[in-house]
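# got a sequence here, can you build the structure:
(chains A and B)
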There are 2 protein chains.
Amino acid sequence: MIRVCIAGNSGHAATVTRALPGLPQVEICGWCRAWPGEPMTEVLEDFEKLGLTPPEYPDYLTMIDTLSPDVLVVDGLFCDHEEMTCQALARGIHVYCDKPLALTLTGLDRVREAAQSSTALLWAMQTARFDPWFYTAKQLIDAGEIGEIRLLTAQKSYRLGQRAPFFRDRAQHGGLIPWVAIHGIDFIRYLYPHAAKTIFAHHSTMANQGYGDLEVTAQLMMTLENGVSAQVSADYLRPANAATHGDDRVRAAGTHGVIEVRDDTVYLINEHNDGSTPVPLQYPPAIFEDFIATLEGHGSGLLDLAESLEDSRLALLARDAADSGCAISV
Amino acid sequence: MIRVCIAGNSGHAATVTRALPGLPQVEICGWCRAWPGEPMTEVLEDFEKLGLTPPEYPDYLTMIDTLSPDVLVVDGLFCDHEEMTCQALARGIHVYCDKPLALTLTGLDRVREAAQSSTALLWAMQTARFDPWFYTAKQLIDAGEIGEIRLLTAQKSYRLGQRAPFFRDRAQHGGLIPWVAIHGIDFIRYLYPHAAKTIFAHHSTMANQGYGDLEVTAQLMMTLENGVSAQVSADYLRPANAATHGDDRVRAAGTHGVIEVRDDTVYLINEHNDGSTPVPLQYPPAIFEDFIATLEGHGSGLLDLAESLEDSRLALLARDAADSGCAISV
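Numbering: from 1, shown residues only, chains lettered A, B, ... in the order given. Just a heads-up that it's a prediction; the model follows:
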């Protein structure tokens, strides 16, 4: 058995519990709240649905030192990702951590060093790589359907809704760019895995409905290798009346076509497609299935440590660019 | 009668001939090519459809000095907009000029001074303000349907197709940002008419199919007043197989809703709309109809000199930002 502990559910920890039906070799051996009163709603509901009753622990360190699990799921306050990850890696425990991996560049260096000195695997929860629509776009691009990519745009738009108190405090949540726009950065790096050169960005807390430091709008622009550029727009302004919680999009224009993901659907215009008929979706493994498969030596390669670190690094640099108002060389 | 001369058709001069059926008080009294061999296809086809046979002149100066028209339509090489406009304004002739109004900031200052010292009217052909979809979005925003705008994104995507030789030479065409991305800048300024603060941009000639200096991709990002930001993406990568020549879009997210223009259709999500049903379009006058109405003292106010100048100024600053790789304070 692969023994897994879950610490917190303030982000995407339910990507673990949702994957359990396909992972008979995985056992949830313990869980803890990451902060007092953390509701952990999705994870606890999934436990109930699955008939699981793993024991609750008072904190993650007690849990991992008691249980010595194979994997720690790190999904606490975003400011705690760094410390929790480093503690687990130092014990040789594999870490499946929500993004960003740290809230500062020095913290990210610490995570990088901890991962490089450990035999354990570390992934950030860059979930989009495993969404069928983004995965399908990736497969089509890799198959040459739009030629060489020249330009990308990405969007994340969420409902603000009701959020936990820590979203009021940037020291705890880190900002809209490292938390939300980072997915857009990952859309771009997934489809065009080349180095960034310069980042410009902006964010604003205005109209945040009393959520303290929480930025509700952010945009960034990156220049990348080979004269390619990319834009990411992220907001918490999606109206409550919208059909879905989120509105994720990416568009990549290449030398021989344009591909677009919108409404969980893939549109392709090239010599063989006029864009009017959605492309049939292809289905990757679930992200946590692939994490486990990677531990077992047969992962898909869709995500790895280097990509996880680079997404976080670019997001933190973009946040710095937005804070300073200056373009930053990467 | 209002007597109009047309000089060139390398851009949007056909917005004049298309509007003629609704303008019985307008007479086309002459036309000229703006460069040797200029095909003037759209304008000449419209003349034929309308049964018009205005005389051709060898050049615009001979034409305006011979005819003393009320209006000169300036649609020559983009590098000639400035000189042609200033010559006409100095003679008190109203000018309806394609964008950008000049290819340099000093040239634009010259145009500004010429317009301010003239009794004649000057407009740039910022056609999007008169597209029913953008006009409808503008009306809905002005009616408060999305609250206060916080963030905007805009797209221009064209087929490259076959282009006139001058597109190979930046000294003559000015670049993708002042020619194409300027429409995106205008989408943004139309919907959010507030001052820009900082511009960052990028452009690239790579994959331009042998078109010399012609950039085929460009992106820019602007910070605006009140913590608002905006992005524009422009390209000539729209595949030949696409349903339309262009793919114009804008999305504005506000404090109470999101509005989007896509496929010449308006989508609105707010308290009363879930975005699934397109908003019925409202119809403004045609741009040249409104130019004539403005001369007659009863224009709509959708466009004016100040907006025309500011669009061009921001486009030229964005091109400078792209050339330098630095963010520019506006």
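
# and for the helix or strand of chain A with the lowest mean pLDDT, what are the contacting residues?
None of the helices or strands of chain A scores lower by mean pLDDT, DSSP states H and E than strand A:273-274, at a mean of 94. With CB atoms under 8 Å, 6 or more residues apart in numbering or on different chains as the contact definition, strand A:273-274 has outside contacts at A:257, A:279, B:241-243. For glycine as for every other residue, the C-beta is placed from the backbone atoms N, C-alpha and C.

# which of the residues you listed ranks first by neighbour count?
The most crowded member of these, judged by other CB atoms under 10 Å in any protein chain shown, is A:Gly257 (25 neighbours).

# wait, isn't it in contact with A:Ala143?
No. Shown here, A:Gly257 and A:Ala143 do not form a contact pair, counting by CB atoms under 8 Å, at 11.1 Å.

# need the residues touching each of the two.
Joint contacts of A:Gly257 and A:Ala143 (CB under 8 Å, 6+ apart) do not exist.

# now do the strands in the stretch 201-330 of chain A.
With DSSP state E, counting those that start in this stretch, the ranges of strands along the stretch 201-330 of chain A come out as A:217-224, A:229-235, A:249-254, A:257-262, A:265-270, A:273-274, A:328-329.

# go through those strands and find the least confident stretch.
In terms of average pLDDT, strand A:273-274 trails the rest of these, at a mean of 94.

# so how far is that one off the chain centroid?
31 Å (CA atoms, centre = their mean, to the nearest Å).

# pairing partners for that strand, with directions?
Note on strand A:273-274: by DSSP bridges, its sheet partners are strand A:265-270 (antiparallel).

# give the buried residues for the strand it pairs with.
A:266-270 (16 or more other CB atoms under 10 Å in any protein chain shown).

# and what of stretch A:144-156?
A:145-147, A:149-156.

# ok, stretch A:301-309 next?
Quick answer for stretch A:301-309 (16+ other CB under 10 Å): A:302-303, A:305, A:307-309.

# first-to-last residue distance for that stretch?
One end of stretch A:301-309 to the other measures 15 Å (CA to CA, to the nearest Å).

# what does it rub up against?
Contacts for stretch A:301-309 (CB under 8 Å, 6+ apart): A:99, A:101, A:108, A:111-112, A:115, A:121-124, A:126, A:129-130, A:135, A:138, A:186, A:189-190, A:193, A:284, A:287, A:290.

# mind doing that once more with 6 Å?
Residues outside stretch A:301-309 that contact it (CB atoms under 6 Å, 6 or more residues apart in numbering or on different chains): A:112, A:115, A:122-124, A:126, A:129.

# got those residues as TSV, with distance to B:Ala252, neighbour count and pLDDT columns?
TSV is the format used below for those (distance: CB to CB, whole Å; neighbours: other CB atoms under 10 Å in any protein chain shown; pLDDT from 0 to 100):
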residue	distance to B:Ala252	neighbour count	pLDDT
A:Arg112	39	19	98
A:Ala115	41	21	98
A:Leu122	39	26	98
A:Trp123	36	23	98
A:Ala124	32	27	98
A:Gln126	29	24	97
A:Arg129	30	21	97
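
# just the residues of chain A that are near chain B, which are they?
A:150-151, A:153, A:200, A:202, A:204, A:206-207, A:217, A:219, A:221, A:223, A:227, A:229, A:231, A:233, A:235, A:237, A:239, A:241-242, A:253, A:255, A:257, A:269-270, A:274, A:327 (CB under 6 Å from any CB of the partner chain).

# how about TSV for the strands of the stretch 201-330 of chain A, with distance to A:Glu42 added?
As requested, these are arranged in TSV below (distance: least, CB to CB, whole Å):
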stretch	distance to A:Glu42
strand A:217-224	25
strand A:229-235	22
strand A:249-254	24
strand A:257-262	24
strand A:265-270	25
strand A:273-274	37
strand A:328-329	36
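
# about what we covered before: biggest separation within the contacts of strand A:273-274, which pair?
Among the contacts of strand A:273-274, the pair separated by the greatest distance (CB to CB) is A:Val279 and B:Ala243, at 15.9 Å.

# mind listing the helices for chain A?
Along chain A, counting by DSSP state H, helices occupy A:14-17, A:41-50, A:60-67, A:81-90, A:105-116, A:132-142, A:170-173, A:176, A:182-191, A:287-295, A:305-324.

# so for the last one, mean pLDDT?
If you average the pLDDT over helix A:305-324, you get 98.

# low-scoring stretches of chain A, by residue?
For chain A, not a single residue meets the criterion pLDDT under 70.

# domains for it, by residue range?
As given by automatic domain parsing, the domain ranges for chain A are A:2-125, A:128-286+A:302-329.

# could I get the ones you listed as JSON lines with distance to B:Ala181?
Formatted as JSON lines, the domains of chain A follow (distance: least, CB to CB, whole Å):
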{"stretch": "domain A:2-125", "distance to B:Ala181": "31"}
{"stretch": "domain A:128-286+A:302-329", "distance to B:Ala181": "12"}
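
# for chain B, see how far away the most centrally placed residue in chain A is.
Chain A has A:Gln126 as the residue nearest its centroid, 3.0 Å off, counting by CA atoms, centre = their mean. Here A:Gln126 is placed at a distance of 22 Å from chain B (CB to the nearest CB, to the nearest Å).

# perfect, that will be all.
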